[in-house]
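> predicted model, plus sequence, below.
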Amino acid sequence: MDATVEITLTVNGERISRRVEPRQHLADFLRVELELTGTHVGCEHGVCGACTIRVDGQIVRGCLMFAVQADGARVETIEGLTDSGEVADLQKSFVERNALQCGYCTPAMLITAAELLKRNPHATRAQIRDFLSGNYCRCTGYHAIVDAVETVARARTGRRDGAS
Amino acid sequence: MKSGMSAFDRPNSYIGRTVPRPNARRLAEGRGQYVDDIKLPRLAHVAFLRSPYAHARIMAIDTAAAAQSPGVIRVVTGPEMAGVCTPWVGVLSHLKGMKSAPQHPIAVDRACWQGEAVCAVVAHTRAQAEDALPLLRIEWEELPPVTDAAAAATPGCQVIHPSLGDNIAFQRELSVGEPESVFAAAEIVVEETFVIGRHTGVTLEPRSILADYNPAENQLTIYQSTQAPHMMQGIFAKHLGLPETNVRVICRDVGGAFGIKVHTYPDEVATAALAVMLRRPVKFVADRFESFVTDIHARDHAIKGRIAVTRAGEIQAFEIDDLTGIGPYSVYPRTSGIEANQVVNLVGGPYKHKSYKARARVVFQNKNVMCQYRAVGHPIACAVTEGLVDLAAKRLAMDPAEFRRKNLIADDSYPYTAPPGLVFESLSHHATVDKLLALMDYKGLRAEQARLRERGVHRGIGLASFIEVTNPSAAFYGVGGARISAQDGCTMRLDPNGTVTCAIGVTEQGQGTEAMVAQVAATAIGVPLDRIRVVTGDTEITPYGGGTWASRGAGIGGEATLQAGKSLRANILGVAGVMLQAEPGTLDIRDGKIVDAGTGTERIPLAEVGRVVYFRPDTLPKDLQPEFMVTRHYVQKDYAFVFTNGMQASWLEVDIDTGFVRLLDHWCVEDCGTLINPQLVDEQIRGGVVQGIGAALFEHCVYDAQGQLRNANLADYLVPMAGEMPDIHVGHVVTPTRSSELGAKGAGEAGTAGAPAAVMNAINDALAPFNARVAAQPATPELILKALGKA
Amino acid sequence: MKPAPFAYARPSSLDDVFDLLGRTGEEAKLLAGGQSLVPTLAFRLSTPSLLIDLNRVPGLAGITADAGMVRIGAMTRHCEIEHSIEIAAKLPMVAQAMPQIGHPAIRTRGTIGGSLAFADPAAELPACAVALDAQIVIASRQGARRVRARNFFKGLYETDLGAGELITAVEFPAQPPGYRSRLAELARRHGDYALVGLAAHAKTEGDRLSDLRLAFFGVGSKPVLAVQAARELEGQHVSATALALAAEALDDDLDPPDDLNGSGRTKLHLARVLLSRTLTGMVEA
């Protein structure tokens, strides 16, 4: 009844084939099968956001998708985004501003912040707070995170506009 | 503003410098190592069947079907585990009369709260273990639950543990000065009943433990998300019958703790016992539902309070009667009497007054257990004190800031003994008030408030002065018989290449312990920050220490680090002096090089000294035995606790039609002595403030009369999210403590201590024109509407 | 919180879906976006033996608009609706609802069909469907049928969907000229399910309202059309008096139950406030 299903997907650019139980969610698959432990599990009911990853270029809750559904998909986790350097400026800003303490929410927070700046490069503080509202942080109280994202937004748009 | 002691006016001092944490980059890259990230060979997983009833006798458990479920390795009930693991009792001898019943890792014959573990299923995967749980056949006999604290305290109420005689875990009465006569004769008395809603810590990483028992060495290795590895080492050893040295507790990354992870949890001990029984690694990670029903809850208090003041505005006395309903057991080993004890100790703390009367009763209930959570007791004491203070100011038609200024203990009054007997070394209430009111532009906000009121917009300003317990001595736990260490130690080792490795007994959960230690060490020795490596959280490797709690990391861990660093530096200079044929006193270590102290000229790199000492001792004098590894310990003995002080302010708007509160701004000015890394301190305050805001407005563990937790998930239990939180402005006054050379006091809990009071006072300030008040937390829209007579 | 084991099928046509439903019936659950379903599986509130994944069935997603009607395929993701220019122009109420639904990551996967089928009483889209008098298009092996939204939602998490049926699309009448709509809600935190919400749609001539449809959500087991309140305001200018009368009439329309967020009385009060503010805002714009 719970026969495993074969899936093939790309994870951080690497082609992966595995047999999975249908009930295993994507976050657990990444963590347990592929040992990519940078994606974290905080609630398994889609509220805390700690499991946020990218599937086919879009942010999703890794705990609300089953691995079987990711067959044929392109998955990116914090490890991939670090290796590619895509979120390097956000990571640097987070570290400098201490926008992370225990680090448990951080990979997901970075992925969500990256998505925000992609959609809204000129995001205001209020818009940053709004967009990050689905990512729970218990340590920072959010102020430092907003600062760090705002700093990156300014730097990126400043560079493009040629203004400092 | 002084930034530190003269020992730190060194060219490359890191004291008072905001530098990024050395271990943060790894976390930002997803390379953290939390317990659930760790795998061991033959790893098994445990799931627990948890009592669906608040109170029920376990008549029988048939495990046969569950044991046959796919992937199941073993099913263990309470009686079987009792043969391997002894029960514990959470009492402290200095909390006179405290009593509690023995608690087992898995309930033996009776479940006493909804969520208590009554059977363990070990399987190859967590999912398989969960699959087996419904197959357990349990015969229950439901018992009436005790779910009302007031009823529990009343004689004649059903007693949860008949052997204890009643449901009172602990009670304390205190009378100082002449409270009865003062209140009787007082010109003005205001009173209020404050209710603080039960809530919990909600660490994002749930409680996690991986226990591995190797029978060949009788060695138990535990990876645990805990704040106090040495304490846990002792507990595992004691209750599993192992020598302490055969138990190793390792903490790698911990995803949030806040006091939740400094306690002994039955399911975690059960996991360790299972590892011993099965002779293989067993992992337990609480899921979010389990977290809500078993992580310690806190703050469930109802306090009648009153304050006596003269017509001229002088506070004469405080009185409180506090009733708190805990769970069916006092938590081990820190006990569930401490929060109430703190409330008694802390009410009225910032203010001059001679008379004080207090009663606190801690009663058992059939609900989840309660114990220390960030700022233990302070948020309650502060909410009561500051609520009464605001009420008194209002009665006197005095500005709340002015009323506070009139009554706060003067900055030159120290040392000062407060009515409960606590000694304050040196606080700075007035300097703090001045700074806060300036920072927030108090006058400007009052003017804006008045203007907006005319337009029907109702904003409020809430002030909250607070004191905070930090750098505890043995007075907290040790004197009560608990094997909880008030001292701490730091071992430093200079390696051949000039790097220094520091191993320390305080631990990291994200507050920046490793950075703080590195900064102090780098300063004390004279090397760049990146030459320091810090090791924490391993009972095998670090000196015996207390871990992190009661804001002791910087004050106690930092001091041990400083002393070790100074000592290592002296040893290095001693050898360098010999090598350079100079008096050690004429040399210094700066930026990782031995230099001429007077001119700063480089004489020899540290790495060269290391190379010679470790590899070419033949080139050194025969009688020279260099010692480049040094350990120093520190314990604070001057005071029971080194108190800090601060003041917070909340600026918010109440929608008087919906009862919704919009937080506009928040300030905290705080005095925690020497600031090692100002940014890290500020961020601790911010995080703490938001937890306090959560308590004031959002968070509540809601139980029904049957002892069922109604909102055990993150959709229904409201944790603050980014959208509703304000920016938080932080300022400091610096009064170093003289109890240590570093002068650092703790800062981790201050935000949580004062924020609920500030927010509640601000709401009531906004509601003032309507003669409406709220005194219960969380102050939900419904509560505010009720106060306004609209619901 | 791991789900109980289930088998998984990924049909590539509606016929296959009907086959699977026919064979397993009650034991199967349809998987659309999963944002509401998966938590119920995680808590083991639901233990289906088979999950039928609709995500690869073609023809179920997409937004098409023609003369006066906007058709949204059941599998259309919230984020697609959120960013659709057609929806912004033709269904402004739905456009207003989208940013209130959960959070961006939820909206990547969540679908309109899933939201309507799950029928959470505090959700926005069911209320929009009722307020805008949408038709829910339901398919089964027997063919397609249409149900008016106001008849589709029957009770707590209960809809008119029968065994072997699934939603394939929702058809909304485009907002006619001269009409305005507003979706407003009161929630403790951005993205939460509403304490109380209102999907309001009316013809506005200056500050005079007519043909009002007021669908409240978060006030009972399903969206509730406040017919009495709408009647009070029919043809009226939006004034303090008119709103007060409408607010009183709301007592007859709504009977919210007590819940974790507060008593029914409180919800009723909030509903009155929301009514007043929403309609005032509607004519002011």
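Nice, I can see it. Residues are numbered from 1 along each chain as shown, chains lettered A, B, ... in the order given.
> switch to C-alpha atoms for all contacts and neighbour counts from now on
Will do.
> biggest helix in chain A by residues?
helix A:143-161 (DSSP state H).
> packing partners of the lowest-mean-pLDDT helix or strand in chain A?
Ranking every helix and strand in chain A by mean pLDDT, DSSP states H and E puts helix A:143-161 at the bottom, with a mean of 90. Applying 3 or more Cα pairs under 8 Å, 6 or more residues apart in numbering or on different chains; DSSP states H and E, one finds that helix A:143-161 makes contact with helix A:88-97, helix A:125-131.
> apply 6 Å and report the result again.
When contacts are defined as 3 or more Cα pairs under 6 Å, 6 or more residues apart in numbering or on different chains; DSSP states H and E, helix A:143-161 packs onto helix A:88-97.
> now the element after the helix it packs on, going C-ward?
helix A:106-119 (DSSP states H and E).
> show me the contact partners of that following helix.
A:50, A:52, A:78, B:30 (Cα atoms under 6 Å, 6 or more residues apart in numbering or on different chains).
> so which of the residues you listed belong to strands?
Members of those lying in strands (criterion: DSSP state E): residue A:52.
> ok, the contacts of helix A:106-119 vs residue C:43, which is closest?
Set against residue C:43, the nearest of these by Cα to Cα is residue A:50 (18.1 Å).
> which residues touch the closest one?
A:40-42, A:105, A:108.
> one more pass at 7 Å, please.
For residue A:50, the contact set (Cα atoms under 7 Å, 6 or more residues apart in numbering or on different chains) comprises A:40-42, A:105, A:108, A:135.
> now swap in residue B:289 and tell me
Here residue B:289 is in contact with B:712-713 (criterion: Cα under 7 Å, 6+ apart).
> residue 109: how many residues sit nearby?
Chain wasn't specified; assuming chain A. 27 (other Cα atoms under 10 Å in any protein chain shown).
> oops, chain C please
Counted with other Cα under 10 Å, residue C:109 comes out at 24.
> again, but for residue B:617
Residue B:617 - counted by other Cα under 10 Å - has 14 other residues nearby.
> go through the least confident helix or strand of chain A and flag the buried ones.
For helix A:143-161, the neighbour count (16 or more other Cα atoms under 10 Å in any protein chain shown) marks A:143-154, A:156 as buried.
> by neighbour count, which of the contacts of helix A:106-119 wins?
For the contacts of helix A:106-119, neighbours tallied by other Cα under 10 Å; top is residue A:52, 32 neighbours.
> who does that residue form a beta bridge with?
residue A:61 (DSSP bridges).
> roughly how far apart are it and chain B?
Between residue A:52 and chain B the computed distance is 12 Å (Cα to the nearest Cα, to the nearest Å).
> what do you get for residue A:44?
7 Å.
> surely that residue meets residue A:62?
No - if you go by Cα atoms under 7 Å, residue A:44 and residue A:62 don't touch, sitting 8.9 Å apart.
> and the residue nearest to residue A:150 when sequence neighbours are not counted, how far from chain C?
Sequence neighbours aside, residue A:125 is the residue nearest to residue A:150 in space, at 6.7 Å (criterion: Cα to Cα, 6 or more residues apart in numbering or on different chains). Noted for residue A:125: a distance of 15 Å to chain C, by Cα to the nearest Cα.
> same question, residue B:311
From residue B:311 to chain C the distance is 40 Å (Cα to the nearest Cα).
> residues touching that residue, list them.
Contacts of residue B:311 by Cα under 7 Å, 6+ apart are B:187-188, B:396.
> wait, a helix at it?
No - checked against DSSP: H, G, I helix; E, B strand; the rest coil, residue B:311 lies outside a helix; its state is coil.
> against residue B:392, how distant is it?
10 Å (Cα to Cα, to the nearest Å).
> same check on residue B:556?
From residue B:556 to residue B:392 the distance is 39 Å (Cα to Cα).
> same check on residue C:227?
50 Å.
> also residue B:373?
In terms of Cα to Cα, residue B:373 sits 30 Å off from residue B:392.
> same question, residue B:24
In terms of Cα to Cα, residue B:24 sits 47 Å off from residue B:392.
> mind putting the contacts of helix A:106-119 into CSV with pLDDT?
Below are the contacts of helix A:106-119 laid out as CSV (pLDDT from 0 to 100):
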residue, pLDDT
A:50, 98
A:52, 98
A:78, 98
B:30, 98
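> which residues of chain C lie near chain B?
Selection of chain C residues close to chain B by Cα under 7 Å from any Cα of the partner chain yields C:1-2, C:4, C:189-190, C:262, C:265-266, C:269-270, C:273.
> export those residues as a markdown table, with columns for distance to chain A, pLDDT and neighbour count.
Shown next, in a markdown table, are the residues of chain C next to chain B (distance: Cα to the nearest Cα, whole Å; pLDDT from 0 to 100; neighbours: other Cα atoms under 10 Å in any protein chain shown):
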| residue | distance to chain A | pLDDT | neighbour count |
| --- | --- | --- | --- |
| C:1 | 7 | 96 | 20 |
| C:2 | 8 | 98 | 21 |
| C:4 | 7 | 97 | 20 |
| C:189 | 8 | 96 | 19 |
| C:190 | 7 | 94 | 22 |
| C:262 | 22 | 89 | 16 |
| C:265 | 29 | 96 | 17 |
| C:266 | 26 | 97 | 25 |
| C:269 | 27 | 97 | 22 |
| C:270 | 24 | 98 | 26 |
| C:273 | 24 | 97 | 16 |
